[in-house]
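Participant: Sequence and predicted structure are below.
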Amino acid sequence: MQEKYIPHEILLIKNGELALKGLNRRTFEEALMTNLRYRLRHAGDFILRKAQSTIYIEPKNDYADLEEACDAVSRVFGIAAFSRARVTAKDLVAIQQATVEYLGDRLATAKTFKVEAKRADKSFPYTSPEISREVGGYVLSHYHHLKVDVHNPDLLIMVEIRDFGAYIHAQQLPGAGGMPVGTGGKAAIMISGGIDSPVAAYMMAKRGIQLTGIHFASPPYTSERAEQKVITLMEKVGRYAGHMTLHIVPFTRIQEEIQRNCPEEYFTLIMRRFMMRLAQWVARDNDCGALITGESLGQVASQTIPAMAVVDCLAHMPVFRPLIGMDKEEIVAISRKIDTFETSIQPYEDCCTVFTPRHPCTRPKRRLVEEAESVLDVEALMKDALEGVRTLKL
């Protein structure tokens, strides 16, 4: 009979907002577990289980990569914090020895420390204050340079006594927060190659939205490199949002017809009205209940209140704009955090920038825009574009 593998080190996952979900909590926890299994698939074989408001991630063998697992877990929405922890027997001497062995490198470089204990298993014969005192005394007997600082220690040592064993770890690492992807429904992100839309996608995924992407391409005015740029951005967002599909909508003919037949000051507005129509078709076809855009109020001419109203009058589903009240510096900070900024600033133009008018209308009247658009065969242009949609699995 094969001997059972007992891990010396595991990951402890603390849920975030899930604790507030009451009777629906189990549904959210199951979604989080599913997402964790998917993200951990490249790091090795792990066992996941729930107990006492914690998810335990245990390696099945020595081939499981905890470093890679930590990296994956740090980007899973629905996690408030997580810890890489040493597992030991529920025995005070074993806990003391394991603390010094596991955290020896950190204890050697720290100047101050504090021990906090949590005793979920009340059958353990020592109280939490007694555990803290005994473990702290043992640490001091081995590291004479250390001092105890209960307010602002260099190193916080956590000792948790739980049903399955004793766990020792340092300060918890911050999780990605938010809600598990898939618990908030499904929506389509209208993604360009710029800075804003990948950030908008990330922010809505953080609220539990499962994403599908819609990108408008205008070859030969936009290049294959511009398309690859968008794919790369979606893949980077996917490290947080999970697997996605990207629908590439051909937009060349529509833009050429707008340029040929409509007043220049309305180019962008009419273009965006077509995007709204087309995006809704693709969204519905993929069971999406909403659209997402990266618009920020007043950032460009097409993002004024009157301009957005002219476009939104065509919407028959919710349109989420998570960046609407943010300034560019805030958006850039998030794009750097999620590693999309350097890709977004690559100089490959998208369809929005190719046909930008010299003097765009910032306070359009709906009646005038509709009159300008009426010279176009909207249905024929829509049909032509939808027949050419390509879908990529990312």
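Facilitator: In hand now; what should we look at?
Participant: in this protein, which helix or strand is least confident?
Facilitator: Using mean pLDDT, DSSP states H and E, the weakest-scoring helix or strand in the chain turns out to be helix 351-354, at a mean of 60.
Participant: show me where the stretch 1-150 of the chain has strands.
Facilitator: 9-15, 46-51, 54-59, 79-88, 112-119, 147-148 (DSSP state E, counting those that start in this stretch).
Participant: got the residue ranges for the helices in the stretch 251-394 of the chain?
Facilitator: For the stretch 251-394 of the chain, helices defined by DSSP state H, counting those that start in this stretch occupy the ranges 252-261, 267-285, 305-312, 328-337, 341-344, 351-354, 366-373, 378-387.
Participant: try the stretch 51-200 of the chain
Facilitator: With helices called from DSSP H, counting those that start in this stretch, the stretch 51-200 of the chain shows them at 66-73, 92-102, 104-109, 128-142, 196-206.
Participant: I figured residue 115 hits residue 157, correct?
Facilitator: Yes: Residue 115 is within contact range of residue 157, at 4.7 Å (criterion: Cβ atoms under 8 Å). (Glycine included, C-beta is placed from N, CA and C.)
Participant: Mutual contacts of those two, please.
Facilitator: 135, 139 (Cβ atoms under 8 Å, 6 or more residues apart in numbering).
Participant: count of residues packed around residue 49?
Facilitator: 11 (other Cβ atoms under 10 Å).
Participant: thought it was touching residue 29?
Facilitator: No: under the criterion of Cβ under 8 Å, residue 49 is not in contact with residue 29, lying 11.2 Å apart.
Participant: shared neighbours of those two, anything?
Facilitator: Residues touching both residue 49 and residue 29 (Cβ under 8 Å, 6+ apart) are residue 55.
Participant: Sketch out the low-pLDDT regions of the stretch 201-350 of the chain for me.
Facilitator: Scanning the stretch 201-350 of the chain for pLDDT under 70 picks out 350.
Participant: just checking, residue 359 touches residue 267?
Facilitator: No: checked against Cβ under 8 Å, the pair residue 359 and residue 267 is beyond contact range at 10.3 Å.
Participant: Leaving out the residues flanking it, which one is nearest to residue 262?
Facilitator: residue 372 (5.0 Å; Cβ to Cβ, 6 or more residues apart in numbering).
Participant: hang on, the earlier thing: need the helices of the stretch 51-200 of the chain in TSV with distance to residue 244 and mean neighbour count, can you?
Facilitator: Formatted as TSV, the helices of the stretch 51-200 of the chain follow (distance: least, Cβ to Cβ, whole Å; neighbours: other Cβ atoms under 10 Å):
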stretch	distance to residue 244	mean neighbour count
helix 66-73	17	17
helix 92-102	39	18
helix 104-109	39	13
helix 128-142	45	17
helix 196-206	9	26
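Participant: Using JSON lines, lay out these together with distance to residue 181.
Facilitator: Converted to JSON lines, the helices of the stretch 51-200 of the chain look like this (distance: least, Cβ to Cβ, whole Å):
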{"stretch": "helix 66-73", "distance to residue 181": "13"}
{"stretch": "helix 92-102", "distance to residue 181": "33"}
{"stretch": "helix 104-109", "distance to residue 181": "33"}
{"stretch": "helix 128-142", "distance to residue 181": "36"}
{"stretch": "helix 196-206", "distance to residue 181": "6"}
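Participant: Ok, which of the ones you listed comes nearest residue 249?
Facilitator: helix 196-206 (14.4 Å; Cβ to Cβ).
Participant: C-alpha coordinates for that closest one, PDB please?
Facilitator: Coordinates of each C-alpha in helix 196-206 appear next as PDB, following Å, rounded to 0.1, in the frame of the first residue of the first chain:
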ATOM      1  CA  ASP A 196      -8.500  52.100 -20.800                       C
ATOM      2  CA  SER A 197     -10.500  49.100 -22.000                       C
ATOM      3  CA  PRO A 198      -8.200  46.400 -20.500                       C
ATOM      4  CA  VAL A 199      -8.500  48.200 -17.100                       C
ATOM      5  CA  ALA A 200     -12.300  48.300 -17.500                       C
ATOM      6  CA  ALA A 201     -12.200  44.500 -18.200                       C
ATOM      7  CA  TYR A 202     -10.100  43.900 -15.100                       C
ATOM      8  CA  MET A 203     -12.400  45.900 -12.900                       C
ATOM      9  CA  MET A 204     -15.600  44.200 -14.000                       C
ATOM     10  CA  ALA A 205     -14.000  40.700 -13.700                       C
ATOM     11  CA  LYS A 206     -13.100  41.700 -10.100                       C
END
